[in-house]
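kindly generate the corresponding structure for this input.
(one chain, ligands or ions: 3)
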Amino acid sequence: MLAWLTARGTKRRRWIACGLGVGLPVLVLLALVLACLINAWSVSEPDWHYQLRPSGSGHLINDSLFEERLGRFQAALRIPTISVDARNLNESALEEFKNFLQTSFPRLHGGNEDKITCEVVSNYSFLYEIKGSDESLTPYLLAAHLDVVPVEEDKWNYDPFEAMKDGEYIYARGAFDDKHAVMGILEALDYFLFTKNESVKRTFYVGIGHDEEVSGRQGAAKIAEVLHNRGVKTMDFVLDEGFVVLTNALPGVQVPVALVGVSEKGYAEVSVSVDGVSGHSSMPPKESAIGIISKAVSRLEAYPQPHFFDSSSVEYTTLETAAPHSSFLYKLIYSNLWLFKNIVSNQFLESASTAATVRTTTAPTLFNAGYKINVVPSTATAYINHRVHPKQTIEDVLEYDREVIGDSRVNVTLNTDTYIRPHPISPYGPDSPQYKLLARSILEVFPQSFVAPGTMIATTDTKYYLNFSKNVYRFAPTFLDIEDMPRLHGHDERIRVENYREVVDFFFRLMVNANQVNARPLHVHARNEL
Ligand SMILES: CC/C=C\C/C=C\C/C=C\C/C=C\C/C=C\C/C=C\CCC(=O)N[C@@H](Cc1ccccc1)C(=O)O
Ligand SMILES: [Zn+2]
Ligand SMILES: [Zn+2]
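Residues are numbered from 1 along each chain as shown. Ligands and ions are numbered 1, 2, ... in the order given. From the prediction side, this is the model:
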């Protein structure tokens, strides 16, 4: 009997154990799935974002003047202010652009010194000071650049310096990068000061550099110096070009995202070289200098720098912010990043633009070797252009390069004249009045979008303005579909005509909003008022 009972007990225990063994994990799994689904269902735009949305929209800038503004913008695009390198700027075009600005905006360039002064810096850059009445308010700076990158004219379907308008777009070098901002800021400024006659409380500056495309050392760097020497030590915020309003950039997100660059990747030029033996090409060595460097470059590409995506990354917040605006599948993913972060990170690595946001990029851009077909050269050098992720130092990147190459014959050397460390992260939460001011101005002009922070992947003139403020933002009010990305610095660069209207509107609203003490919004409404 006892044996029977014991046997029954054991069986029951086995069943229970088995039930627990299978059932518990299933239960845990179900709970997990349920928790993820609840997170996805309940995800919504945070209140502080919602409250920044305007209750109404509509252009503040007088429509009847738009054609005139457009004409001036096209005229600006027709001046080929090309920067080839720091010693090769198109000085006659820069001179022409200077005269063009002065004659297009006479009220900004003299005779109204009680409101605005303009200083020409390094011959072709501009610094405007708009004096506010309340000295207790910290000034801010709007920055842009008027030079453009060269063109491969035969690859364009339009004359890059004709500024052709096809009804929907204007095609021209500089339309997107960055003359829309130069002209948009000045149009808004002229309207703000002289048409609307706004009384300026908060002083602000407009800095327009002329050599951003080749370093900014004569333009933005000197503007920063002039400001500093004038005793301007602190800015409330700095806004320069950077990210834009992007469509189809984030997987699963159909809504345009206005990405604000709250930080910027670092920059490093690294040479990878070997000094070996030369000789007759009829008796080549087993490994030539060219072969050794080719192998090194090939390894750098095969073993890219590590990637970073965790709860302390800006990109994590980008996606959390995107969650309420995503398809259901991506709501599920973006509202449960604690679980899906590895999947997301791997998906990001698939495309060049998103990969650039999560890792230091490695771009071999120049290769020098050889000088005669029948001579084996003793030296070969490849140049690598790294964009350094804020989670790494430049030293980390170099160490990784050396390790990956793993060949003591290869010298890996940093160009110490040109490197830039990753920028600090500017505040982007509900406690940052400056970020909120920017987000509010964006949403007033692009109400169909949502605003999210990101790390700018290329370098901007903001590197020269970092000491003025901890609130440095990189954003331009232009629309870009990810498919159009090759047009940047590429062929058939363009901007939608309607977008130019929004550009002017955006800078005007920013000036109005920033002028309000305590940065109060133009229209505030409670969530339940809509
Ligand atoms: C989490 C975020 C996810 C996704 C983002 C996805 C894609 C990002 C896509 C697009 C980028 C969007 C906009 C960029 C727009 C315009 C370019 C603005 C600035 C470029 C500045 C620039 O090109 N700087 C040069 C400076 C330089 C000049 C000479 C020598 C070295 C540097 C540069 O960085 O090369
Ligand atoms: Zn630019
Ligand atoms: Zn550029």
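
let me see the contact set for residue 290.
369, 370, 377, 380 (CB atoms under 8 Å, 6 or more residues apart in numbering). Just so you know, the C-beta spots here come from the backbone N, C-alpha and C atoms, and that holds for glycine as well.

rerun at 6 Å
Counting by CB atoms under 6 Å, 6 or more residues apart in numbering, residue 290 touches 369, 380.

can the host helix or strand of residue 455 be found next to ligand 2?
According to DSSP states H and E, residue 455 maps onto strand 450-456. No. Contact between strand 450-456 and ligand 2 is absent, the nearest approach being 11.0 Å (criterion: CB under 5 Å from the ion).

partner strands of that strand, parallel or antiparallel?
Here strand 450-456 is paired, per DSSP bridges, with strand 257-264 (parallel).

what's the first helix or strand after the partner strand?
With DSSP H and E, the next secondary element past strand 257-264 is strand 266-275.

in that following strand, what's buried?
266, 267, 268, 269, 270, 272, 273, 274 (16 or more other CB atoms under 10 Å).

now do the buried residues in the helix or strand just after the strand holding residue 455.
As assigned by DSSP H and E, the chain's next helix or strand after strand 450-456 is strand 472-481. By neighbour count on 16+ other CB under 10 Å, the buried set for strand 472-481 is 472, 473, 474, 475, 476, 477, 478, 479, 480.

and if you look at stretch 397-405?
397, 398, 400, 401, 402, 404, 405.

okay, those residues in CSV with pLDDT and distance to ligand 1 next?
What follows is the buried residues of stretch 397-405, written out as CSV (pLDDT from 0 to 100; distance: CB to the nearest ligand atom, whole Å):
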residue, pLDDT, distance to ligand 1
397, 98, 16
398, 98, 18
400, 98, 21
401, 99, 19
402, 98, 23
404, 98, 23
405, 98, 23
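
pull the contacting residues for residue 213.
83, 147, 149.

let's see 8 Å
83, 145, 147, 148, 149.

what's the burial count for the residue nearest to the third one when sequence neighbours are not counted?
In this case it means residue 147. Nearest non-adjacent residue to residue 147, counting by CB to CB, 6 or more residues apart in numbering: residue 83, 4.3 Å away. By other CB atoms under 10 Å, 24 other residues sit near residue 83.

and the helix or strand containing residue 83, is it in reach of ligand 2?
Element membership of residue 83 [criterion: DSSP H and E] is strand 83-85. No. Using CB under 5 Å from the ion, strand 83-85 stays clear of ligand 2, with a minimum separation of 10.4 Å.

still on that earlier bit, a markdown table for the contacts of residue 213, including pLDDT and secondary structure?
Shown next, in a markdown table, are these (pLDDT from 0 to 100; DSSP: H, G, I helix; E, B strand; the rest coil):
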| residue | pLDDT | secondary structure |
| --- | --- | --- |
| 83 | 98 | strand |
| 145 | 98 | strand |
| 147 | 98 | coil |
| 148 | 98 | strand |
| 149 | 98 | coil |
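
determine which two of those are furthest apart.
With CB to CB as the measure, no two of those lie farther apart than 145 and 149, at 10.9 Å.

which one's more surrounded, these two?
For residue 145 versus residue 149, the count of surrounding residues by other CB under 10 Å is larger for residue 145: 28 against 17.

tell me who's in contact with the residue lying closest to the more buried one once chain neighbours are set aside.
Sequence neighbours aside, residue 212 is the residue nearest to residue 145 in space, at 3.5 Å (criterion: CB to CB, 6+ apart). Each residue near residue 212 by CB under 8 Å, 6+ apart is listed here: 83, 145, 147, 178, 219, 220, 460, 461.

most neighbours among those residues, which one?
Going by other CB under 10 Å, residue 219 tops the contacts of residue 212 with 32 neighbours.

from memory it sits against residue 461, does it?
Yes. With contacts counted by CB atoms under 8 Å, residue 219 reaches residue 461, the gap being 7.2 Å.

sec struct for the residue of the stretch 201-350 of the chain found nearest ligand 2, please.
For the stretch 201-350 of the chain, the residue closest to ligand 2 is residue 241, as judged by CB to the ion, at 4.8 Å. Judged by DSSP: H, G, I helix; E, B strand; the rest coil, the three-state class of residue 241 is strand.

same check on the one 10 residues further on?
Residue 251 falls in the coil class when you classify it by three-state DSSP.

burial count for the residue lying closest to it once chain neighbours are set aside?
Once flanking residues are discounted, residue 251 sits nearest to residue 347: 6.0 Å by CB to CB, 6+ apart. Residue 347 has 15 neighbours, counted by other CB under 10 Å.

now do the one 10 residues further on
The local packing of residue 357 (other CB under 10 Å) involves 23 other residues.

from residue 422, how far off is the residue of the stretch 151-300 of the chain found nearest ligand 1?
Nearest residue of the stretch 151-300 of the chain to ligand 1: residue 249, at 4.2 Å (CB to the nearest ligand atom). Distance, residue 249 to residue 422, using CB to CB, to the nearest Å: 21 Å.

so those two - more neighbours on which side?
residue 249 (23 against 20).

residues in contact with the more buried one?
257, 259, 353, 354, 482.

state the distance from the last one to residue 324.
Distance, residue 482 to residue 324, using CB to CB: 21 Å.

ok, these two, which is more surrounded?
Using other CB under 10 Å, the more surrounded residue of residue 482 and residue 324 is residue 324, with 19 against 14.

distance of that one from residue 435?
In terms of CB to CB, residue 324 sits 18 Å off from residue 435.

now the phi/psi pair for whichever residue of the stretch 301-450 of the chain sits closest to ligand 1, please.
Relative to ligand 1, the nearest point of the stretch 301-450 of the chain is residue 353 (3.6 Å; CB to the nearest ligand atom). Per-residue torsions, residue 353: phi -70, psi -40 (degrees, to the nearest 10).

correct me, but it touches residue 485?
Yes. The criterion here is CB under 8 Å, and residue 353 meets it with residue 485 at 6.3 Å.

ok, residues contacting the strand holding residue 83?
89, 90, 147, 148, 149, 150, 210, 211, 212, 213, 214.

what is the burial count for the closest residue in space to residue 95 that isn't next to it in sequence?
The shortest distance from residue 95 to any non-neighbouring residue, by CB to CB, 6+ apart, is to residue 124 (7.3 Å). Residue 124 has 22 neighbours, counted by other CB under 10 Å.

so who does residue 124 touch?
89, 91, 94, 95, 97, 98, 146, 210, 219.

from the residues you listed, which is closest to ligand 2?
Nearest to ligand 2 among the contacts of residue 124: residue 146, at 9.9 Å, using CB to the ion.

residues in contact with the closest one?
With CB under 8 Å, 6+ apart, residue 146 has these contacts: 81, 94, 97, 124, 178, 179, 182, 208, 209, 210.

what about residue 99, which SS state?
Quick answer, by three-state DSSP: residue 99 is helix.

in the stretch 151-300 of the chain, which spans are strands?
All strands of the stretch 151-300 of the chain, identified by DSSP state E, counting those that start in this stretch, fall at 164-165, 169-171, 204-209, 238-247, 257-264, 266-275, 279-280.
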